[in-house]
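Undergrad: Here's my sequence, what's the structure:
(one chain, ligands or ions: 1)
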Amino acid sequence: MFQLPFFSSVIIWAKEPVAWAMFLLGLIFGSFYNVCIWRIPDGTFWQTARSGCRNCSEPIPWYLNIPLISWLALRGKSACCKTPISIQYPLIELITAIAAVLLYVKFPFYSMWQGEIRISPTELIQFIHAFIFFSLLLISSMIDIRHLIIPDGISLGLVLSTPLVVYFLPNYTWQDALIGILLGGGSLYLVAWIYWITRKVTGMGMGDVKLLAGIGGWLGWQSIFPIILYSSVLGSFVGIVLMLVQRKKDLRFEIPFGPFLAAGALIHMFFGSNLLNLLLNHQS
Ligand SMILES: [Zn+2]
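TA: Next comes the predicted model:
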């Protein structure tokens, strides 16, 4: 059962114009992420050419490129040649919009006090950090699901941009970040090595190692063990469900682990240590 405060807080935020602005901003960013998801693996990311229909290359007019609305208005089929348009487009836009609102609810950087607008720099920085982090993980997860690779541009990009996070994020030290990179990358590297020694197969890709190193750099070493816990639980659950659905006897079919690391990282970022404490306290 949902508690009443949950619904009343939803109603309060629905009346908040900034929350709606975040929703719209999320839709626009989400439609750009769709472009990234298609173009990064193709190596055409820096191409300036406007996107055309993926089937007949007909240029898409701006009014048919409006996030969410166009897909719904066209009922998921292109206007030029009636080819089905992947539901991935509206889904990524919607997920990004919802994430932008949730992160704004978590870090409400804007407030109105006696008719005066106030921006909290601390909350704003935390919001931007969380939103960029979410965005990179969303894009890398979708690419991982489609192509079973995690682009170095994202995983190593996270690692190399760690000094910026240390510089801007309040109450975050370079020790948190550096140990985070080493512990994140090191722990999965160890798993990959043990897998290789015992089974002579690569169970864990180097992409996952680099991704968790980057996550450790952005969230700090304290996040690594909760993230490994969440992502293994989620990964095993989905793996078992897939195994039952597809009636396969062994778990050695390829499902990418990157999206589960990303989901675990976002769960940890959003709920912090509260969730872990709640889970552990319920046990005892
Ligand atoms: Zn077409």
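Undergrad: contacts and neighbour counts: CA atoms only from here.
TA: OK.
Undergrad: count of neighbours near the residue in the stretch 151-284 of the chain positioned nearest to the ion?
TA: Across the stretch 151-284 of the chain, the shortest distance to the ion (Cα to the ion) belongs to Pro151, at 28.8 Å. Residues lying near Pro151 (other Cα atoms under 10 Å) number 19.
Undergrad: ok, it - contacts?
TA: 40-41, 140, 143, 207 (Cα atoms under 8 Å, 6 or more residues apart in numbering).
Undergrad: Can you pull the residues of the stretch 51-200 of the chain lying near the ion?
TA: For the stretch 51-200 of the chain, the residues found near the ion under the criterion Cα under 5 Å from the ion are 53, 55-56, 80-81.
Undergrad: now do 6 Å
TA: Neighbours of the ion within the stretch 51-200 of the chain, by Cα under 6 Å from the ion: 53, 55-56, 58, 78, 80-81.
Undergrad: top of those residues by neighbour count?
TA: Neighbour max across those (other Cα under 10 Å) = Ser78, 20 neighbours.
Undergrad: Read off the pLDDT value for that one.
TA: Listed pLDDT for Ser78 reads 89.
Undergrad: For this structure, which segments count as strands?
TA: Secondary structure of the chain by DSSP state E: the strands cover 110-113, 116-119.
Undergrad: Can I get the ones you listed in TSV including mean neighbour count?
TA: As requested, the strands of the chain are arranged in TSV below (neighbours: other Cα atoms under 10 Å):
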stretch	mean neighbour count
strand 110-113	12
strand 116-119	10
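Undergrad: lowest-confidence stretch among the ones you listed?
TA: strand 110-113 (a mean of 86).
Undergrad: Just the C-alphas of it, formatted as PDB.
TA: C-alpha atoms of strand 110-113 as PDB (Å, rounded to 0.1, in the frame of the first residue of the first chain):
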ATOM      1  CA  TYR A 110      14.900  26.800  -7.100                       C
ATOM      2  CA  SER A 111      12.600  28.500  -4.500                       C
ATOM      3  CA  MET A 112      10.400  31.500  -4.200                       C
ATOM      4  CA  TRP A 113      10.600  33.400  -1.000                       C
END
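Undergrad: Which other helices and strands does it contact?
TA: strand 116-119 (3 or more Cα pairs under 8 Å, 6 or more residues apart in numbering; DSSP states H and E).
Undergrad: So in that sheet, which strands flank the strand it packs on, and in what orientation?
TA: The strands beside strand 116-119 in its sheet (DSSP bridges) come out as strand 110-113 (antiparallel).
Undergrad: Might you list the low-confidence residue ranges for the stretch 101-250 of the chain?
TA: 201-203, 248-250 (pLDDT under 70).
Undergrad: Go ahead and measure how far stretch 71-80 is from the middle of the chain.
TA: Distance of stretch 71-80 from the chain centroid (Cα atoms, centre = their mean, to the nearest Å) equals 26 Å.
Undergrad: Stretch 71-85 too?
TA: 27 Å.
Undergrad: Any chance you could list what contacts it?
TA: Contacts of stretch 71-85 (Cα under 8 Å, 6+ apart): 53, 55-56, 58, 64, 86-87, 89-90.
Undergrad: In helices, which of those residues fall?
TA: Members of the contacts of stretch 71-85 lying in helices (criterion: DSSP state H): 89-90.
Undergrad: Dump the contacts of stretch 71-85 to JSON lines, plus distance to Phe32 and pLDDT.
TA: Formatted as JSON lines, the contacts of stretch 71-85 follow (distance: Cα to Cα, whole Å; pLDDT from 0 to 100):
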{"residue": "Cys53", "distance to Phe32": "16", "pLDDT": "85"}
{"residue": "Asn55", "distance to Phe32": "20", "pLDDT": "83"}
{"residue": "Cys56", "distance to Phe32": "21", "pLDDT": "87"}
{"residue": "Glu58", "distance to Phe32": "19", "pLDDT": "87"}
{"residue": "Leu64", "distance to Phe32": "15", "pLDDT": "86"}
{"residue": "Ser86", "distance to Phe32": "15", "pLDDT": "90"}
{"residue": "Ile87", "distance to Phe32": "15", "pLDDT": "92"}
{"residue": "Tyr89", "distance to Phe32": "10", "pLDDT": "93"}
{"residue": "Pro90", "distance to Phe32": "12", "pLDDT": "95"}
